[in-house]
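S.K.: any chance you could fold what I've pasted below:
(chains A, B, C and D)
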2 protein chains.
Amino acid sequence: MNINIYDVSKKAGVSIATVSRVLNGNAKVSEKTRDKVINAMKELDYTPNVFARGLGLNTMKTIGIMCIDSSDIYLANAVYYLEQELRKYNYDSILCCTGKDYNNKKNYLELLLSKRVDGIILAGSQFVENTSEHNNDYIINAAKDVPIVLVNGYLDADNIYSVMCNDEEAVYNATKLLINNSHRNIVYLYTSTSYSGMNKYRGYLKAINEAGITLPDEFHHLCGKNISHARDYLTYLYDKGMKFDAVMTSDDSIAAGAVKFAHTHGTRIPEDLEVIGYNNSVLSLCTEPELTSIDSKVEELSSCAVSVLMKVLSGEDADNHSIIAADIIKRNTTIF
Amino acid sequence: MNINIYDVSKKAGVSIATVSRVLNGNAKVSEKTRDKVINAMKELDYTPNVFARGLGLNTMKTIGIMCIDSSDIYLANAVYYLEQELRKYNYDSILCCTGKDYNNKKNYLELLLSKRVDGIILAGSQFVENTSEHNNDYIINAAKDVPIVLVNGYLDADNIYSVMCNDEEAVYNATKLLINNSHRNIVYLYTSTSYSGMNKYRGYLKAINEAGITLPDEFHHLCGKNISHARDYLTYLYDKGMKFDAVMTSDDSIAAGAVKFAHTHGTRIPEDLEVIGYNNSVLSLCTEPELTSIDSKVEELSSCAVSVLMKVLSGEDADNHSIIAADIIKRNTTIF
DNA sequence: TTGTACGCGTTATCAA
DNA sequence: TTGATAACGCGTACAA
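M.R.: Numbers count the residues shown, from 1 in each chain, chains lettered A, B, ... in the order given. Purely as a prediction, here's the structure:
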């Protein structure tokens, strides 16, 4: 074990430079010596030491993937596709689940920098903050060291690249479909006030406003990602006597909660209540009826994110801002 | 950028040895010089080079996590908990999604070894093979280099540690509950012939046999992890006129498919058909009615896996074989 | 086409 | 308590 380049060079009767050349395959080496070296490597079961290589080249071809919570269905998909895509370029992925705490996010980002990753992908919209106490300087600063790609987040700063879904338009179009089905009382339930979260909300508002609809404040509500939260909130509205005939959501889990509500209140879906989910996750296939859902294209988003990052790392120009169009997948919680 | 230990030593007016000592905090350094060094570090914004450290110590405190598919709900949870747990010990996680192909698994395992990770966790039962063409030598060989922990897999070999759930007993108990509810025609649908998969199946068989029940071959069936697969297979049985009154499964997705079947055939759950899922995933909360499901304790499994690995890495004794007891979570697809 | 020698930034060993 | 210096194993400029 722990054979090094010297052992190989000795066995092959050449210098370490030649072994290195064979290893990296670029420089000219004669057929004969190449064979000798390769044989020696095989006999010794030699594996180059990645730490030494990393030290010399100052890279170990590693990308840091940060997300709030990789067990979340959407983020799990993102992480999966990101890893697969990075692997194609021979990059390793270091996973970092930060949770929602601001200081944790900050510390983990610094941790990744100290590991000297070649780039960082922030998966999910929850990294860009918009509050008075917290700001995004930690991301902007990190980007001075390595390129940073935001998947479903937006930040206009040097060496930061954004890959996003057209959330606003997607929700706008979906809401318009509901309006065209002569719904006026459309509840909007969402889980996040992130950049992407607010875009979705804007899409809803735009459609509502354009149709000249005014709704009480209770009709839009920030709720947790638990199925029961959405169910309970709709029950609350129902008990208050506030009539609604459609629910637009920012996540399938909320839509699943809306379906639960309907079941417990004898409300027929889609006849009495139409529901639209978001992310087109496996949840949309579990509910009864199955959810109409907006496909936010995680796979495309992830592959685009990696492709942008690879371009940047190889010194090519890359778009600072990429947008991918969502689809609406029609199932049985809507009539259209 | 790229300040090194020499820069710090110069600024602080000490030798690099002293800087290193301050950095690692073990050896004796006087209060005064320590302060000088720490100040110099801060002023220069020094970060130790992990590659150089890795080269010297021959470790970068990194664990490889392999899984078939990190977007699978169960594995996504496993990966999440593993990463969180490893982080507590200051280990990084390199994620590797291999897919089901044998050669891929093999190659990825070798890849991780070549990256010189300190240990490898194989998450999910699908790594240990039991076929004539394929065997588990690749894992056994890898274990000669680094400790390997199997989460939900079993292999009796040197430097390989198994952490498992008592799948057989869990399914046995659950099936007995169904039998006690005077069900005789219990279908068993499963997704995998892995070690863990076969244990579950054995649990079902044991309960059935003990009760003196004999069932046609069609009553146990290997089907895909798609909700529609299970639904379609049950439809096939139904159309063939084979009556069944309960479905035991090896995964919530199959159970969700069974619920789907019931919806499309006017079968009442749990009155006409009882269904039990496995893994107690978010799916079990989405279906209508919600799934009774076996909680296979991913979190405990993951934390146990990491704890075993950490013990091994620190030279302590560790159990070769750990077993964690599953729970059954009763919801509305069963009567008991 | 091949070989020599140095640099990469640590940690660790030995003297002082 | 501190300092000088040798590893660690690779890539590569330069020389041959």
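
S.K.: wait, A:Gly119 touches A:Met66, no?
M.R.: No: counting by C-beta atoms under 8 Å, A:Gly119 does not reach A:Met66; the two are 11.4 Å apart. (C-beta placed from N, C-alpha, C; glycine too.)

S.K.: and the residue of the stretch 151-300 of chain A nearest chain B?
M.R.: Proximity of the stretch 151-300 of chain A to chain B (C-beta to the nearest C-beta) peaks at A:Cys286, 3.8 Å away.

S.K.: what's the neighbour count on the residue nearest to that residue when sequence neighbours are not counted?
M.R.: Closest residue to A:Cys286 apart from its sequence neighbours, by C-beta to C-beta, 6 or more residues apart in numbering or on different chains: B:Cys286 at 3.8 Å. B:Cys286 has 29 neighbours, counted by other C-beta atoms under 10 Å in any protein chain shown.

S.K.: am I right that B:Cys286 is in contact with A:Ser228?
M.R.: No: applying C-beta under 8 Å, one finds B:Cys286 not in contact with A:Ser228, separated by 11.4 Å.

S.K.: helix or strand for A:Val14, which one?
M.R.: For A:Val14, there is no host helix or strand (DSSP states H and E).

S.K.: check what pLDDT it gets.
M.R.: pLDDT for A:Val14: 95.

S.K.: list the contacts of it.
M.R.: A:33, A:36-37 (C-beta atoms under 8 Å, 6 or more residues apart in numbering or on different chains).

S.K.: cross-check these against DNA strand C and keep the overlap.
M.R.: Checking the contacts of A:Val14 against DNA strand C by C-beta under 7 Å from any atom of the strand, the ones in range are A:Thr33.

S.K.: could I get the contacts of A:Val14 as a markdown table with secondary structure, pLDDT and neighbour count?
M.R.: Below are these laid out as a markdown table (DSSP: H, G, I helix; E, B strand; the rest coil; pLDDT from 0 to 100; neighbours: other C-beta atoms under 10 Å in any protein chain shown):
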| residue | secondary structure | pLDDT | neighbour count |
| --- | --- | --- | --- |
| A:Thr33 | helix | 93 | 17 |
| A:Lys36 | helix | 94 | 20 |
| A:Val37 | helix | 95 | 24 |
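
S.K.: got any ranges where chain A has weak pLDDT?
M.R.: In the predicted model, chain A carries pLDDT under 70 at residues A:1.

S.K.: who in it is up against DNA strand D?
M.R.: A:2, A:4-6, A:16-17, A:20-21, A:23-24, A:46, A:48-49, A:52-53, A:55-57.

S.K.: buried ones among those residues?
M.R.: Buried members of the residues of chain A next to DNA strand D, counted by 16 or more other C-beta atoms under 10 Å in any protein chain shown: A:5, A:20-21, A:23, A:46, A:48-49, A:53, A:55.

S.K.: which ones among those residues are found in helices?
M.R.: Counting by DSSP state H, the part of these found in helices is A:5, A:20-21, A:23, A:53, A:55.

S.K.: what residues does chain A have near DNA strand C?
M.R.: Checking chain A against DNA strand C by C-beta under 7 Å from any atom of the strand, the hits are A:13-18, A:21, A:27-30, A:32-34, A:52, A:55-56, A:58.

S.K.: hang on, the earlier thing: nearest to chain B among the buried ones among the residues of chain A next to DNA strand D?
M.R.: Distances from chain B to those, taken by C-beta to the nearest C-beta, are shortest for A:Leu55, at 4.2 Å.

S.K.: isn't A:Thr264 up against A:Asp232?
M.R.: No: at 10.3 Å, A:Thr264 does not count as touching A:Asp232 under the criterion of C-beta under 8 Å.

S.K.: which one of the two is surrounded by more residues?
M.R.: The neighbour comparison of A:Thr264 against A:Asp232 (other C-beta under 10 Å) goes to A:Asp232, with 15 against 12.

S.K.: tell me, what residue is most central in chain A?
M.R.: A:Ala123 (3.7 Å; C-alpha atoms, centre = their mean).

S.K.: chain A: strands as residue ranges?
M.R.: Using DSSP state E, the strands of chain A run over A:62-67, A:92-97, A:119-123, A:148-151, A:160-165, A:186-190, A:220-222, A:246-249, A:274-278, A:292-295, A:321-324, A:327-329.

S.K.: contact partners of the second one?
M.R.: It refers to strand A:92-97. A:60-70, A:79, A:82-83, A:86-87, A:108, A:111-112, A:115, A:117, B:62, B:65, B:79-80, B:83-84, B:87, B:92-95, B:115.

S.K.: could you do the last one as well?
M.R.: Here strand A:327-329 makes contact (C-beta under 8 Å, 6+ apart) with A:170, A:173-174, A:177, A:276, A:280, A:284, A:292-295, A:297.

S.K.: repeat the analysis, applying 6 Å as the threshold.
M.R.: Strand A:327-329 is touched from outside by A:174, A:280, A:293-295, with contacts defined as C-beta atoms under 6 Å, 6 or more residues apart in numbering or on different chains.

S.K.: what of the fourth one?
M.R.: Taking contacts as C-beta under 6 Å, 6+ apart, the residues outside strand A:148-151 that touch it are A:78, A:120-123, A:160-163, A:301, A:305, A:308-309.

S.K.: okay, now the sheet partners of it, with direction.
M.R.: strand A:119-123 (parallel), strand A:160-165 (parallel) (DSSP bridges).

S.K.: closest one to A:Ala142 among these?
M.R.: strand A:119-123 (6.7 Å; C-beta to C-beta).

S.K.: next, the buried residues of that closest one.
M.R.: Neighbour-count burial for strand A:119-123 [16+ other C-beta under 10 Å]: A:119-123.

S.K.: quick revisit: closest one to DNA strand C out of the buried ones among the residues of chain A next to DNA strand D, please.
M.R.: Of all these, DNA strand C sits closest to A:Leu55, with 4.2 Å by C-beta to the nearest atom of the strand.

S.K.: B:Ala52 is in contact with that closest one, correct?
M.R.: Yes: contact criterion C-beta atoms under 6 Å: A:Leu55 and B:Ala52 qualify, at 5.2 Å.
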